[in-house]
Every structure is written in structure tokens, then in C-alpha cells.
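In: Sequence and predicted structure below; questions after.
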Amino acid sequence: MRRIPLSRRSHIIGFQPLTTGIAQHESALERDFVTLTSFLDPSASITSQPITISYRSGTRTRRYTPDFLVRLITGRSELVEVKYGADLCASWERLKPSFAAAALRAREEGWAFRVVTEQDIRGPALENAKRLLPLRGAAWDTQMGARALAVARSLTAPTFGTVLAALPGSRALALSTIWRLIARGALRVELSAPITLHTPVAAI
């Protein structure tokens with residue numbers, strides 16, 4: 001495994017704890033990729049800079065290390081390169097042979113290979129992840145949680161707001177409980193859009 005360098009464009013060296021271990025990142029965009037991936041699939045295994053690939057480019061042998069290997073709960077594995085869009089466009093001709101080598105290696109291993117940019121990573125889903133991930137392990141009122149789920153199941157086309165309005169007692173407690181239920185996946189919402197009072201919810 002290649003050591004993460006201490007200086008690169010927009011470098012933010014760090015470690016992110018996951019349920020499956022620790023993922024290292026070396027830029028803000030890589031950090032956001034790990035956050036989003038772990039949010040959408042809490043069981044995903046994310047290995048930083050997992051392999052170094054040797055390949056021929058003209059008469060020279062070169063080496064390339066993709067950013068992550070992601071193993072999803074579905075059984076699918078992906079070799080992933082995270083790049084800012086501007087960097088990808090500016091360096092495409094130089095990067096193309098290394099990406100081709102990575103795609104070939106991935107096929108040999110039974111993986112997929114993909115390159116992701118800020119357009120794939122940053123947006124409402126990431127903002128939801130940043131808000132909800134800290135709530136997954138937060139303390140909560142189980143009695144209010146059971147009431148909120150019962151209300152959601154009893155309503156026709158329930159939304160965040162209609163469930164909130166139907167809960168008795170403290171509005172602050174009800175609000176925090178609904179957010180925790182969403183974070184834990186007990187109340188399902190569309191995560192690719194901002195969550196508002198009008199967001200449809202479904203109790204699982």
C-alpha cells in the first residue's frame with residue numbers, strides 16, 4: 001500500500017472511522033467521498049490506496065495507485081479514483097493510460113473501476129450525510145420513536161411535517177426523534193434531495 005503524500009492539491013490529510021474500520025483520505029474531496037459512501041452503505045468496506053498497478057506506456061514502465069477499493073454490501077467491489085473535474089480535464093491525456101490499466105486490473109479481479117468528481121460526490125445527498133451520520137449513534141427517546149413510526153404507518157402519504165404535527169408532547173423532542181429515525185433508516189426518505197417538512201417518509 002502506498003504511503004499517502006503530505007502535499008497535494010487541496011490536501012486535507014485525515015482518517016475517518018467507519019463501522020468496518022478506518023479510511024484515510026488526502027483531500028477534501030476524498031473525505032467527502034468517504035462520508036457519502038459510508039452514509040449510503042454503512043456496511044461498505046473502504047480501503048485507501050489499496051493496490052499499485054504497473055503498466056507500460058510507450059517504452060516506459062509506470063505505476064499507478066487508485067484512491068480507494070470499496071466493497072459494498074451488495075457484494076459489488078469498485079476500484080475508485082477521486083479527481084476534481086478541472087484536474088481530470090487538464091491531465092486527461094496523461095491519466096488515460098493509468099485509468100485503462102486500472103480498468104483492466106479491476107476486470108481481472110472481478111471489480112468495477114470508476115472515476116468520480118465533485119459532480120458525483122457533492123450535492124444534497126452529501127449534505128444529508130453530514131447532518132445525519134452523527135445522529136446514527138446518538139441517544140434517543142425510544143418511546144417517542146415507536147410513536148413516530150406508528151404515526152407514519154397510520155397516515156396516507158405521510159411527510160416529515162405531518163408525522164411531526166401528529167406527535168404529542170414536546171415538538172423539540174419529536175423533531176429530534178424523527179431526525180434520528182431517518183438517520184438510522186427506520187424512516188425512509190429520498191436522500192438525493194434536501195430533507196424538508198414536505199419530504200415524504202415511509203416507516204420500514
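Out: Received, thanks.

In: In three-state terms, label residue 47 for me.
Out: strand (DSSP: H, G, I helix; E, B strand; the rest coil).

In: Show me the beta-bridge partners of it.
Out: Per DSSP bridges, the residues bridged to residue 47 are residue 69.

In: I'd guessed residue 169 sits against residue 144; true?
Out: Yes - using Cβ atoms under 8 Å, residue 169 makes contact with residue 144 at a distance of 7.4 Å. All C-beta atoms are positioned from the backbone trio N, CA, C, and that covers glycine.

In: the more surrounded of the two?
Out: Taking other Cβ atoms under 10 Å, residue 169 and residue 144 do not tie; residue 144 has more neighbours (20 against 11).

In: Hmm, the more buried one is touching residue 174, no?
Out: Yes - Residue 144 is within contact range of residue 174, at 6.4 Å (criterion: Cβ under 8 Å).

In: and residue 31, what is it in contact with?
Out: Counting by Cβ atoms under 8 Å, 6 or more residues apart in numbering, residue 31 makes contact with 12, 14, 16, 25.

In: Using JSON lines, please lay out those residues together with distance to residue 133 and neighbour count.
Out: Output for the contacts of residue 31, formatted as JSON lines (distance: Cβ to Cβ, whole Å; neighbours: other Cβ atoms under 10 Å):
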{"residue": "12", "distance to residue 133": "18", "neighbour count": "13"}
{"residue": "14", "distance to residue 133": "15", "neighbour count": "15"}
{"residue": "16", "distance to residue 133": "10", "neighbour count": "16"}
{"residue": "25", "distance to residue 133": "15", "neighbour count": "24"}
